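> just the structure for this:
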Amino acid sequence: MARKVEKSIDVDVPVSTAYNQWTQFEEFPRFMGGVREVRQLDDRRMHWIAEIAGVQREWDATIVEQVPDRTVAWAATGGTPNAGAVHFAPLAADRTEVRLLLEYEPEGLVEQAGDKLNMVDRQAQSDLERFKDYIEGRQVETGGWRGTIAPGGAGLPDPTARHRADTDEEPPPETEPEYAARRPGAVAPDSGG
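Numbering: from 1, shown residues only. Next up, the predicted model:
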C-alpha cells in the first residue's frame, strides 16, 4: 500500500536560489540523510543509492515535470517504488517556502516496521532542515538548471541551462556539445559568439 508524506520549510534565500540548488541532484548526499549517491545520467534521468530503514536500495528515476522556480517532480522507473515533487513558493524577495511531497511503498519487514514508526516522515523533515542549513549557510547555489520539462513531454532546455559551478567535471562524450553550451563561460554552438 502506497504511503504519502508532505513536509515544508521556509528558507531565507530567494526562490531562484532554493530552486537552483534543488536541481543539483548530485549534491543531495550533502543534506539528505540516507542518500549515499545520486548520479545524474542526463537532464531527465538519475540513478539513486540510498539506505532506507537500514537497507541499501538502488533505483533509477526520471524527472516528469520541472518548471523553474516552481516545481521539480520525479518518479522511479526501476528499483524501489517511489515518486515525489518539490514545490517552491516565494514568500518575500529573500524567503521561500519549500514543500516536499513523497509517495512510496515500504518493501520488506524492516521497511514496513520503519514505516509504522514514521521514519520516512521524520527523515523528510530532517532532510528539509538540513537543506535549509545548507543553502542558508552558502547563500548561493552550487549550480542550477533552468530548463523546463513538461508533464509527459520532452524537456525544453534553456540553452544556458544546467551548470555546476563548483566542478570542472567533463560531461559524458555523447552529451558533450549539449552540456558544453551550459557550462559557465561556454559559448553555445551557433550562437554567433
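
> for this protein, which segments count as helices?
With helices called from DSSP state H, the chain shows them at 15-22, 108-116, 119-138, 176-180.

> which of those comes out lowest on mean pLDDT?
Among those, helix 176-180 has the lowest mean pLDDT, at a mean of 33.

> low-confidence ranges in this protein?
Residues of the chain that meet the criterion pLDDT under 70 lie in 1, 53, 106-119, 152-193.

> the strand ranked longest in it to helix 15-22, inter-axis angle?
In the chain, with assignment by DSSP state E, the single longest strand is strand 55-67. Here the directions of strand 55-67 and helix 15-22 differ by 140 degrees (axes from the mean of the first three to the mean of the last three C-alpha atoms, to 10 degrees).

> for strand 55-67, C-alpha coordinates in PDB please.
What follows is strand 55-67, C-alpha atoms only, in PDB (Å, rounded to 0.1, in the frame of the first residue of the first chain):
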ATOM      1  CA  VAL A  55      18.500  -1.400   4.000                       C
ATOM      2  CA  GLN A  56      20.500  -0.300   0.900                       C
ATOM      3  CA  ARG A  57      18.300   0.300  -2.100                       C
ATOM      4  CA  GLU A  58      19.100   1.400  -5.700                       C
ATOM      5  CA  TRP A  59      16.700   2.800  -8.300                       C
ATOM      6  CA  ASP A  60      16.500   4.900 -11.400                       C
ATOM      7  CA  ALA A  61      14.200   7.900 -11.500                       C
ATOM      8  CA  THR A  62      13.000  10.300 -14.200                       C
ATOM      9  CA  ILE A  63      12.100  13.900 -13.900                       C
ATOM     10  CA  VAL A  64       8.500  14.000 -15.000                       C
ATOM     11  CA  GLU A  65       7.900  17.800 -14.600                       C
ATOM     12  CA  GLN A  66      10.200  20.700 -14.000                       C
ATOM     13  CA  VAL A  67       9.300  24.300 -14.000                       C
END
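
> next, count neighbours for E51.
E51 has 12 neighbours, counted by other C-beta atoms under 10 Å. Glycine gets a C-beta too; all of them are placed from N, C-alpha and C.

> actually L41, not the one I wrote
L41 has 14 nearby residues by other C-beta under 10 Å.

> list the contacts of it.
By C-beta atoms under 8 Å, 6 or more residues apart in numbering, the contact list for L41 reads 47, 60.

> check H47 too.
Contacts of H47 by C-beta under 8 Å, 6+ apart are 37-39, 41, 58-60.

> drop anything exposed from those residues.
Those of the contacts of H47 that meet the buried threshold are 38, 59, by 16 or more other C-beta atoms under 10 Å.

> coming back round to it: other SSEs contacting the longest strand of the chain?
When contacts are defined as 3 or more C-beta pairs under 8 Å, 6 or more residues apart in numbering; DSSP states H and E, strand 55-67 packs onto strand 45-52, strand 71-79, strand 82-92, helix 108-116, strand 148-149.

> quick one: contacts of the third one?
When you say that, I think you mean strand 82-92. Here strand 82-92 makes contact (C-beta under 8 Å, 6+ apart) with 10, 14-15, 18-19, 22, 59, 61, 64-65, 69-76, 96-105.
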